[in-house]
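# Output the structure for:
(2 chains)
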Amino acid sequence: MIQRGRGKAFAVTTLVAALSMAGMANAGVTDQDILNDQMTTDDVVSNGLGPKGQRFSPLKAVNTDTVKDLRPVWSFSFGGEKQRGQESQPMVKDGVMYVTASYSRVFAIDVKTGDELWEYNARLPDGIMPCCDVINRGVALYDDLVLFATLDAKLIALDSKTGKVVWKKKVADYKAGYSITAAPLVVNGKVITGVSGGEFGIVGKVEAYDAKTGQILWSRPTVEGHMGYIWKEGKKVENGISGGKPGQTWPGDLWKTGGAATWLGGTYDPDVNLLFFGTGNPAPWNSHLRPGDNLFSSSRLAIDPDTGKIVWHFQTTPNDGWDFDGVNELVSFDYKDGGKTIKAAGTADRNGFFYVLNRENGEFIRGFPFVDEISWAKGLDKNGRPIYVDDNRPGNPADVDGNKGKPVVAIPSFLGGKNWMPVSYSKQTGLFYVPSNEWAMDIWNEPVSYKKGAAYLGAGFTIKPLNDEYIGVLRAIDPKTGKEKWRYKNYAPLWGGVLSTAGKLVFMGNPEGYLMAFDAETGELKYKFNTGSGIVGSPITWEMDGEQYISVVSGWGGAVPLWGGEVAKRVKHLNQGGSVWTFKLPKEDA
Amino acid sequence: MKRCKLFAAFLVACLVFAGQAQARYYDDVIASGTLRIGVYRDFPPYSFLRDGQPAGVDIEIGRRIAESLGVSLDVHWITPDENLEDDLRNNVWKGHYLDKDPQNSLAPKNLADVMMRVPYDRQYAFKRESTGELVNEMVVLFGPYQRESWRVAFDSRKIDQVSTVAVFQYHPVGVEIDSLPAFYLTSAFAGRMRDNTHHFSNLPAAFEAMRRGEVDAVMGMRAEVDWQLHRAGDGRYRVGENGFPMMGKQKWDIGMAVKHSYRQLGYAVEEVVDRLVRSGQMAEIYRQYGLTYEKPGLYQETL
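Numbering: from 1, shown residues only, chains lettered A, B, ... in the order given. Below you'll find the model as predicted:
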């Protein structure tokens, strides 16, 4: 089956054929395949359609004129009762799609027919309590291996033909509160992963393993004060303390349990040879307990993929008190400024600001709000540091004294101006397409709260929509000016990724279940199709036998339905699911 | 043909329901001959394994309840989630979302008939969401059996006495991470005790650090601290006489929970526990573990 797929693809274009030859007949995915992923249209072998994470495809058979004729060719069900949110991005190689589903499952599907080739169902330990729901965001491919991470924080390599385990490594201890839901990243033969974790005192890290053998190569903690390690000839060697030494931006011993989970994975740019990983909020949750910047929480880190050293960092929310995190993907792009090419990177943060950074050194170029309202900061200073509105910081537990603490109305809510769902950068329009949400939260210290038989001080909160008509807004944003070119409003919050193509289209799914296509210049809705359950995954496109295909995973869930309040009311009629939908144009139109 | 299949499926379903644990009606509990009592895992002195056997005050109370109902005790170990609402959902009324059997999707969830160590607090029981809905409407909280509070234990070779928490401006103190003592010591009095607050994954680990000399004191729940002192059996570790000024919740009562549809079971259990408290047997159970016993508010007012 795999052979057949390859044979047909071979006949399509000489460019593809040449690349295939370079990798030998029947070869697996190479480093070159991954680096060139954005330009090679016959496969999708990286999360983000290329390690830069631009989610842009040069394909244009499906375009603003033809997209109206797009129709499904097959739908594949993940089956069973394991639903709760499908946030995966499928991969396609040699006629086979590799896609993950919730509860740490992987499926290999024949892309011509939608038939299942194999399924891998990770056996999770009894009584496991993963911190961060049961979603999974996808696989990485390397050689003849399918790599993915599990809820019990293991990295697993499967044989791409059989789905059998080739190697398996424990990245962190699930009993200590670690989990992994992100897709791993492969760079020059190394598979690189972060970790998820709750409030149990975890410390975030980024680790590299030999993709073929699973041998660990380096480990880099993301909290100041923790020692990094590198393995030389199998020996674990100290590789420098993150941030130099403990206690500079943390009080007491809190750096030991500082959080900063790298739960969304990362991107890579070969031009500057750097990995870009975002880090989560600092622990404990309440910022009054930990005065200081709390590095490297809520930051973007640039890491040398060869050594695991932090080359630069940019912190979006120092002393984060709103759970804004800083995990959002950093997307590399170049632009011209007075004839000079700027090696930039763009990122839309949970905190509501969009940042353009110099990706060579992390310097702040510009930043601007990408949501309509931000309450917690008046703006950014010349270095990109937020100018805080002190009154808008959630209250100090010391002020509670038995009663409900003073509630604060903060915008955006902790689910963010943008959450995990990846943006797209179109090389054609030079615009970022940002799936965002307009919502606020009331937040207070909740003294009527218990944990493990003990009185506790929880954070009470409720998330509220800012508008009756919509929460979600897909925005086209010019990174050079901060201007919004167009917007599409969606009733439910947006929770899925975006894809842009040279067909002048932007694809995105919504929780109402529609896969939608917009004119990339005007935002005009050109196409929609209801997949039967909400879409919280990221669409892909590729070419096979001269035809352009589009695939997206459907299955409502993720973090939004887990929280109560007004927002839950808007989404509670949405049904769960779990399937992959694949579309193309009818043959006669092609 | 189709009929046969259906019948087979029905049979399987019946067999499955017969053998598995889910929260149940009083009559079903009595008929089955076992009572499933939910207790926290690895949580001395309340519930833990000692030489491979379930032990702890909550286990002892569970034994008395089962005995009185004429059934045997089946322990349902609870891995704690982030808060009590989660534990009640996962263990009393709904079940955990990972508790799924792909081979048998009709299998009932693994639930406790009765969950121990659930705070008995009217304000909590009737807490409402921002939308006006009750947060805990699926459970009934009942049967208070103990009053809990906070306590400090200190190493008397390092500190003369702990008459106020002010000493922790000068002496390191260990607490469980993400607990009220952790919040208190890092935020109260403008954070003056913050730099001396050391965080551990649980109270026994904090006590161990005190034995190693890393911290001079620990702060935790009274029974947890008492248990560590009892086990250490070493006069150098003593109990603080301090109060906890500005600390939100100083004392709270501990009771039990059943699913709201199984109130009859709750009444039967409550009767047993009430007898244990009134007869002094409850105090005796706590004494056996070397713990201070304080009656819940209800009994302090009526007895």
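# so where do the helices sit in the stretch 1-150 of chain B?
B:2-19, B:26-32, B:57-69, B:84-88, B:122-125 (DSSP state H, counting those that start in this stretch).
# Strands along the stretch 51-200 of chain B, start to end?
Along the stretch 51-200 of chain B, the stretches classed as strands by DSSP state E, counting those that start in this stretch are B:53-55, B:72-78, B:114-119, B:139-155, B:173-176, B:197-200.
# Low-confidence ranges, chain B, go.
Applying pLDDT under 70 to chain B picks out residues B:1-21, B:303.
# where's the residue nearest the centre of it relative to chain A, distance?
Centroid-nearest residue in chain B: B:Arg117, 3.3 Å away (criterion: CA atoms, centre = their mean). Distance, B:Arg117 to chain A, using CB to the nearest CB, to the nearest Å: 4 Å. Yep, even glycine has a C-beta here, placed from its N, CA and C like the rest.
# who touches that residue in this structure?
By CB atoms under 8 Å, 6 or more residues apart in numbering or on different chains, B:Arg117 lies in contact with A:Lys452, A:Gly453, B:Val39, B:Tyr40, B:Phe43, B:Tyr46, B:Ser47, B:Asp58, B:Ile254, B:Met256.
# Which members of these are positioned in strands?
Judged by DSSP state E, the subset of the contacts of B:Arg117 located in strands is B:Val39, B:Tyr40, B:Ile254, B:Met256.
# and the first one, how many neighbours?
Neighbours of B:Val39 under the rule other CB atoms under 10 Å in any protein chain shown: 26.
# That one is in contact with B:Trp77, isn't it?
Yes. Look at B:Val39 against B:Trp77 with CB atoms under 8 Å: they come within range, at 6.7 Å.
# Tell me the residues that contact both of those two, please.
Common neighbours of B:Val39 and B:Trp77 (criterion: CB under 8 Å, 6+ apart): B:Ser47.
# The closest residue to B:Thr164 other than its chain neighbours: how many residues sit nearby?
Nearest residue to B:Thr164 in three dimensions, chain neighbours excluded: B:Asn242, at 5.1 Å (CB to CB, 6 or more residues apart in numbering or on different chains). Using other CB under 10 Å, B:Asn242 is surrounded by 20 other residues.
# Then A:Asp133?
There are 20 residues near A:Asp133, going by other CB under 10 Å.
# who in the stretch 1-150 of chain A is up against chain B?
A:Gly80, A:Glu81, A:Lys82, A:Arg84, A:Tyr103, A:Asn121, A:Leu124, A:Gly127, A:Ile128, A:Met129, A:Pro130, A:Val134 (CB under 8 Å from any CB of the partner chain).
# Give me the buried entries from these.
For those, a burial check counting by 16 or more other CB atoms under 10 Å in any protein chain shown picks out A:Lys82, A:Arg84, A:Tyr103, A:Leu124, A:Ile128, A:Met129, A:Pro130, A:Val134.
# Max pairwise distance over those: which two?
The most widely separated members of these, counting by CB to CB, are A:Lys82 and A:Met129 (16.5 Å).
# Tell me who's in contact with the residue lying closest to A:Thr429 once chain neighbours are set aside.
Nearest non-adjacent residue to A:Thr429, counting by CB to CB, 6+ apart: A:Ala520, 5.1 Å away. Applying CB under 8 Å, 6+ apart, we find A:Ala520 in contact with A:Ser426, A:Gln428, A:Thr429, A:Leu431, A:Tyr433, A:Ala476, A:Ser500, A:Thr501, A:Lys504, A:Leu505, A:Val506.
# What of B:Phe168?
Taking CB under 8 Å, 6+ apart, one finds B:Leu185, B:Met193, B:Asn196, B:Thr197, B:Ala217 in contact with B:Phe168.
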